[in-house]
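Peer 1: only geometry, no sequence info:
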């Protein structure tokens with residue numbers, strides 16, 4: 001299991017370390033049957049067979065997890081695409097992997113489009129990890145769209161998990177939040193702001209303009225941005241693109257960091273797309289939130305993760 005730092009309270013001068021990884025695509029399809037492929041999954045299977053299984057490397061993911069042992073995070077968030085085509089067997093593999101890393105107290109997960117590849121019964125697929133996805137007060141609930149947004153409070157952080165995952169037509173990987181989720185997001189942002197929390201919004205698809213190609217876009221990204229501009233947030237994290245993103249969403253009060261993580265397992269010649277993850281040290285100074293961000297990336301020659309970049313942000317406390 002990963003060595004996590006002890007829990008800390010919601011108080012000033014104590015730094016909370018949050019780690020974000022995404023798109024590990026950790027499962028394999030060795031036991032898939034042809035009956036499971038009589039739908040869109042055949043395309044995903046062929047992609048895995050001839051490409052993805054070669055570039056999404058479990059040795060790289062294992063090295064990342066070993067790196068996390070040295071980081072001593074307070075909490076880990078994973079923003080989707082843990083599988084390739086979302087079969088029941090894959091989802092069971094994911095559940096075993098998550099259990100090997102830690103408990104739901106230490107890890108928060110949301111699904112990605114690959115985890116909801118087709119319209120299957122969630123009890124056989126992503127529900128297997130429901131304890132890592134549900135809100136603190138809904139730990140026994142079945143996970144489905146009605147359980148998102150999820151709200152998990154860890155130290156000074158309010159982690160708001162969203163699902164953008166939905167089955168799509170062949171060759172499309174779009175996402176959608178939906179009106180109900182967007183309305184509930186606004187309520188949670190207001191509530192947690194009044195309570196003085198540092199609000200982290202976690203979703204799979206990138207919400208900024210130009211984050212994704214048209215066929216991979218977040219369909220209601222404009223509505224999401226409008227809610228954030230009206231109600232605020234302190235940090236927005238996503239995955240999906242398999243490349244690092246460092247952007248901001250401007251509001252009247254602040255510039256909110258929007259950070260996309262690369263795939264946690266991808267071996268790529270591109271430094272932007274090569275496996276990596278991000279660390280956020282969040283400190284309440286009493287007057288503002290200070291965020292120290294470290295980006296760590298995979299060094300293929302040495303087969304280790306190294307520091308790539310450091311960035312600092314300061315945001316007003318909205319309570």
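Peer 2: Nice, thanks for sending it over. If you're wondering where the values come from, they're calculated on a predicted model, not measured in any experiment.

Peer 1: got a list of what residue 15 touches?
Peer 2: By C-beta atoms under 8 Å, 6 or more residues apart in numbering, the residues touching residue 15 are 281-283, 292. In short, each C-beta sits where N, CA and C put it, glycine included.

Peer 1: of those - the most surrounded one?
Peer 2: residue 282 (24 neighbours; other C-beta atoms under 10 Å).

Peer 1: quick check: it is in a strand.
Peer 2: Yes: when DSSP: H, G, I helix; E, B strand; the rest coil is applied, residue 282 is found to be in a strand.

Peer 1: contact partners for it?
Peer 2: By C-beta under 8 Å, 6+ apart, the contact set of residue 282 is 15-18, 156-157, 198, 234-235, 289-291.

Peer 1: what bridges to it?
Peer 2: Beta bridges link residue 282 to residue 16, residue 291 when assigned by DSSP bridges.

Peer 1: distance of it from residue 290?
Peer 2: 7 Å (C-beta to C-beta, to the nearest Å).

Peer 1: now do residue 70
Peer 2: For residue 70, the distance to residue 290 equals 23 Å [C-beta to C-beta].

Peer 1: those two: who's more crowded?
Peer 2: It is residue 290, of residue 70 and residue 290, that has more neighbours when counted by other C-beta under 10 Å, with 15 against 8.

Peer 1: is it possible to get JSON lines of the contacts of residue 15 that adds pLDDT?
Peer 2: What follows is those, written out as JSON lines (pLDDT from 0 to 100):
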{"residue": "281", "pLDDT": "97"}
{"residue": "282", "pLDDT": "97"}
{"residue": "283", "pLDDT": "96"}
{"residue": "292", "pLDDT": "97"}
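
Peer 1: from those residues, which single one is nearest residue 219?
Peer 2: Checking these against residue 219 with C-beta to C-beta, the nearest one is residue 282 at 30.7 Å.

Peer 1: assign residue 237 to helix, strand or coil.
Peer 2: strand.

Peer 1: how about it, what does it touch?
Peer 2: Applying C-beta under 8 Å, 6+ apart, the residues contacting residue 237 are 20, 77, 79, 200-203, 259-261, 278.

Peer 1: which one (most neighbours) among these?
Peer 2: residue 203 leads those on contacts (other C-beta under 10 Å) with 30 neighbours.

Peer 1: buried residues in stretch 96-116, which are they?
Peer 2: For stretch 96-116, the neighbour count (16 or more other C-beta atoms under 10 Å) marks 97-98, 101-102, 104, 106-116 as buried.

Peer 1: equivalent analysis for stretch 264-278, please.
Peer 2: Within stretch 264-278, the residues that qualify as buried by neighbour count (16+ other C-beta under 10 Å) are 264-268, 273-278.

Peer 1: repeat that for stretch 204-221.
Peer 2: Residues 204-208, 211-212, 216-221 are the ones in stretch 204-221 that count as buried (16+ other C-beta under 10 Å).

Peer 1: among the residues you listed, find the lowest-pLDDT one for me.
Peer 2: Among the buried residues of stretch 204-221, residue 211 carries the weakest pLDDT, at 82.

Peer 1: and the gap between that one and residue 244?
Peer 2: Residue 211 is 12 Å from residue 244, by C-beta to C-beta.

Peer 1: tell me, what's touching those two both at once?
Peer 2: residue 260.

Peer 1: would you mind measuring from residue 148 to residue 40?
Peer 2: 23 Å.

Peer 1: more neighbours: which of those two?
Peer 2: Using other C-beta under 10 Å, the more surrounded residue of residue 148 and residue 40 is residue 148, with 26 against 18.

Peer 1: local confidence estimate at the more buried one?
Peer 2: Reported pLDDT for residue 148: 93.

Peer 1: again, but for the one 4 residues further on
Peer 2: According to the predicted model, the pLDDT of residue 152 comes to 97.

Peer 1: one more: residue 11?
Peer 2: 57.

Peer 1: average pLDDT across stretch 189-201?
Peer 2: Stretch 189-201 comes out at a mean pLDDT of 96.

Peer 1: need the contact list for the residue nearest the centre of the chain.
Peer 2: Central residue of the chain (C-alpha atoms, centre = their mean): residue 79, 1.5 Å from the mean position. The contact partners of residue 79, by C-beta under 8 Å, 6+ apart, come to 20-23, 110, 112, 202-204, 237-240, 261.

Peer 1: I appreciate the help and will end here.
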